[in-house]
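Asks: structure here, sequence nowhere to be found:
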């Protein structure tokens, strides 16, 4: 009896069957006050685009609160879902339309939590997006302060225009994005 190998791909090509969400990239409706567009490219260790990935975001509202019972201050009842999901296109591109979250009040700078699922990953990887206009808060953030400056820089989005940020995610190799153990 010969042994059969199983596919190494853990997400695609089946990703589009159950995980895509056409409006998932819209955390807020287009034209919402304070809306920002965060776009980027997901790349592998060789710098090649990952065209079958999934980027999910989770964040607080503009006041730094979650409309969730696990928020230590209680659910806000605001209706802000704070969750986004965007499949990458064949060039590895993704985008999320959201608002900038407020500070959580626990010393962390405003940030967005990010989960990435892609081919070859046995489990999700988790990172964060910090904001370039929060230099003082970023300097005091416990996670960013624990990293060498060049590694912390992989977690800070770059401003590309009014209400436009770029956040590229490199899964491994030179310039690899910092991922968190969760």
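Replies: Structure received. Just so it is clear, the model here is predicted, and its values are computed rather than measured.

Asks: distance check, the spatially most central residue of the chain against residue 87.
Replies: The residue lying closest to the centre of the chain (Cα atoms, centre = their mean) is residue 114, at 2.7 Å. Distance from residue 114 to residue 87, counting by Cβ to Cβ, to the nearest Å: 14 Å. (Glycine included, C-beta is placed from N, CA and C.)

Asks: quick one: name whatever helix or strand follows the lengthiest helix in the chain.
Replies: If you go by DSSP state H, the chain has its longest helix at helix 135-140. Once the chain leaves helix 135-140, the next helix or strand it forms, by DSSP states H and E, is helix 142-145.

Asks: so which bits of stretch 34-44 are buried?
Replies: Residues of stretch 34-44 classed as buried: 35-44 (neighbour count, 16 or more other Cβ atoms under 10 Å).

Asks: check stretch 159-167 too.
Replies: Buried residues in stretch 159-167 (16+ other Cβ under 10 Å): 165-167.

Asks: want to throw those residues into CSV with pLDDT, distance to residue 143 and secondary structure?
Replies: Converted to CSV, the buried residues of stretch 159-167 look like this (pLDDT from 0 to 100; distance: Cβ to Cβ, whole Å; DSSP: H, G, I helix; E, B strand; the rest coil):
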residue, pLDDT, distance to residue 143, secondary structure
165, 98, 19, strand
166, 98, 21, strand
167, 98, 16, coil
